[in-house]
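*Asks:* structure of the sequence below:
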Amino acid sequence: MDERVVRTLERAAWFGAIFVAAVGVIALIGWALDVDAMRAIHPAVGAIKVNAAISFVFVGLALVLVLRTQRQHVRASRALSSVVSVVGALTLLEYVPGADFGIDDVLFSDEATLFSPGRMSPISAAAFVAIGLALICLDTRGRAGHVAAQVLALGAGFVSLLALLGNVYGVRALYTIGGYEEVALNPAVALTVCSSSILCARPTRGVMAVVASEGPGGALARRLLPAAILVPAAIGALVILGEQTGLFDVEHETALFAATSILCFTALTWWTASAIVRIDVARRSAERAAVDTKRKADEQLVRSQRLESVGRLAGGIAHDFNNLLTVIITYGHLLQRRTEPDAKVAEIVRAAQRAGELTRQLLALSRRQVLQPTVVDLEELLDAMTDMLRRAIGEDIELEITKRAPIAPIYVDAGQIEQVILNLVVNARDAIPGSGRIAITLQTVGEHVRLTVRDSGVGMDPATLAQIFEPYFTTKGEAKGTGLGLPTALGIVEQSGGSIRVTSEPGDGTTFEVELPAHAGAEVATPAPPPPARGLTGTETVLLVEDDEQVRVIVATALREHGYVVLEAATSGDALLIAEQHPKIDLLLSDVVMPRMGGRQLAERIQQLAPAARVLFMSGHADDAILRHGIQTSAVAFIEKPIEPDTLLAKLREILDG
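*Replies:* Below is the predicted model:
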């Protein structure tokens, strides 16, 4: 159903009920005060009879009660409706010769009239019988009752409309039967309004459901039905008026009526057909859009499933793979310190670092990487990156940076956001053949900070644009791109609570807009300067808990070579036994995910035995696995595998000296 149409029809029913009741009340007051103007519209037309006026009041009240749709009003509305039908039926019977029930002179008498002043016409009486029954049926819950009510209302409305047209046209045969009482103009109007109001009272049921329905059928009914009533009536009135004033004779009258009807209904048909065509075009557009607001959803679902598969794969191998890389990188660093510089060893370390970066990229594009967010001033971060970005794009490309202050702080992993900016700028550089320009704009927009990277490159067509965030999709060729840069950037931004929008046209460059939530509260953290090389050593006691033997051995070796006393434990149980025997523990260095007891629970137990002990967590698992063990990496000291020895030693000093 068209809700707007339904509400309009229901409001029309309320208006009609009030109008009908008001007509009855005014007529009764006119009879009581002997005011002809209140009993009839004009002295030339008949007056509303007393019983008709009473029936109009009862009909209006009954319809108001029906429209309120409250069960406590059902009996009252049915009682009023029954009285209306009974009055109409008794009046009809009184037209039988010799029948007189005495209901016509109950309130008023008037010797000047042929019949008693309460005697309404037989047409009005029949209409009131149908209207009263229609109101009773309208108050039922079943569909059959509503259909019956609307059929009865249609019958009453038809005879009332004929009487109304008869009064307007001056055709007495339409508003009287034989020599009996005629239907006056004002009761004819009120009866027509009353019948229409009953039809509008339940627009979602019965025969009126077609009028209130959505789509071409409802539109056709709403346009043609009023016109089917009003157009012939108006044309007929004009024709009769012309005949009465002598403008044309009967032959011309017939021809004029036919021509005018053809013209009006042709225009109406064209107007309705145009509306239906517009509705059908809108429907087809909506269907195409639905096939597309669905195709895109399916594509997004496939993409999400693909990312989920990649994420499960990356998350599954991340722990073991990062443990192996930790061993390779650490042994490589130790070899470099103990022997003469060897390019082969350096290449081994570099390859392991690249493998670690690849793992982080896979986790990033699947939104499972380990983030360590802090409050960051993106303006300062961009300033610190400017020289590096200029070197990355080369001298042939102009780099323009615009900052529209004030720039709100954001809560992100600074290193990951640096990676996003670098990926976008390098991607922009690769899209520019020869010389060109890259513009970076930074501004606060509402509750977000927007970073815009715009290039003057070749741009992209829609097909390419639709695939740029697909893993391993690249237009740069195998030698220049891996297809992970933009998917990784998108993963980092979305995992940080932001979004990326892209616009591009062939030959008109590309614009990336990164929006990240602005952060209100804590001030921007000022990163501590890295400690000097000699600051990496220490003499404190470290309890190292790692279930992977190779990682545990190599990390312990690196720590001991830098002066630390290392207590090794392969399980959480072993760590608790060691802590009971060595209460002087300065720092717990523990893996997060371990059998039986994870790192967080172990730290809580260790700090009961050694309250002064600091804690540093490490893990090679994906972010979701770490979160399941109750570790918020932004709230605790944490280091991600694969571990660089210098990074680990610097982190230890930062915690122990903090």
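
*Asks:* ranges for the strands of the stretch 201-350 of the chain?
*Replies:* In the stretch 201-350 of the chain, no strands are defined using DSSP state E, counting those that start in this stretch.

*Asks:* now the chain
*Replies:* In the chain, the strands defined using DSSP state E lie at 374-376, 397-404, 410-412, 436-445, 448-455, 499-504, 510-517, 541-545, 565-569, 587-591, 614-619, 638-640.

*Asks:* of these, which is nearest residue 198?
*Replies:* Evaluated with Cβ to Cβ, those place strand 499-504 nearest to residue 198, the distance being 55.5 Å. For every residue, glycine as well, the C-beta is placed using N, CA and C.

*Asks:* ok, residues contacting that closest one?
*Replies:* Contact partners of strand 499-504, identified using Cβ atoms under 8 Å, 6 or more residues apart in numbering, comprise 459-460, 465, 468-469, 489-490, 493-494, 510-515.

*Asks:* got it, and stretch 325-339?
*Replies:* Contacts of stretch 325-339 (Cβ under 8 Å, 6+ apart): 342, 345-346, 348-349, 352-353, 355-356, 359, 550-551, 554-555, 557-558, 561, 620, 641-646.

*Asks:* which of the residues you listed are buried, as a PyMOL select command?
*Replies:* Applying 16 or more other Cβ atoms under 10 Å to the contacts of stretch 325-339 leaves a buried subset, and the PyMOL line that selects it is:
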select buried, resi 345+348+349+352+353+355+356+359+551+554+555+558+620+641+642+643+644+645
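
*Asks:* quick one: terminal-to-terminal distance for stretch 498-509?
*Replies:* 23 Å (Cα to Cα, to the nearest Å).

*Asks:* mean confidence for that stretch?
*Replies:* In this model, stretch 498-509 has an average pLDDT of 92.

*Asks:* try stretch 584-600
*Replies:* For stretch 584-600, the mean confidence score works out to 90.

*Asks:* ok now that stretch, how far from the chain's centre?
*Replies:* Taking Cα atoms, centre = their mean, to the nearest Å, one finds the center of stretch 584-600 at 46 Å from the center of the full chain.

*Asks:* in it, what's buried?
*Replies:* Buried, per 16+ other Cβ under 10 Å, within stretch 584-600: 585-594, 597-600.

*Asks:* same question for stretch 646-653.
*Replies:* By neighbour count with 16+ other Cβ under 10 Å, stretch 646-653 contains the buried residues 648, 649, 650, 651, 652, 653.

*Asks:* same check, this time on stretch 603-617
*Replies:* Within stretch 603-617, the residues scored as buried using 16+ other Cβ under 10 Å are 603, 606, 607, 609, 610, 613, 614, 615, 616, 617.

*Asks:* could you find the closest non-adjacent residue to the third one?
*Replies:* What sits nearest to residue 607 in space, not counting adjacent residues and going by Cβ to Cβ, 6 or more residues apart in numbering, is residue 613, at 5.9 Å.

*Asks:* okay but the one you found is in contact with residue 588, surely?
*Replies:* Yes - with contact defined as Cβ atoms under 8 Å, residue 613 and residue 588 form a contacting pair (5.4 Å).

*Asks:* next one, pLDDT for the closest residue in space to residue 349 that isn't next to it in sequence please.
*Replies:* Nearest residue to residue 349, sequence neighbours excluded (Cβ to Cβ, 6+ apart): residue 332, at 3.7 Å. With respect to pLDDT, residue 332 scores 86.

*Asks:* could you do residue 529 as well?
*Replies:* 54.

*Asks:* check the one 5 residues further on too.
*Replies:* Model confidence at residue 534, expressed as pLDDT, equals 49.

*Asks:* ok so, going back, mind listing the shared neighbours of residue 613 and residue 588?
*Replies:* By Cβ under 8 Å, 6+ apart, the residues touching both residue 613 and residue 588 are 543, 606, 607.
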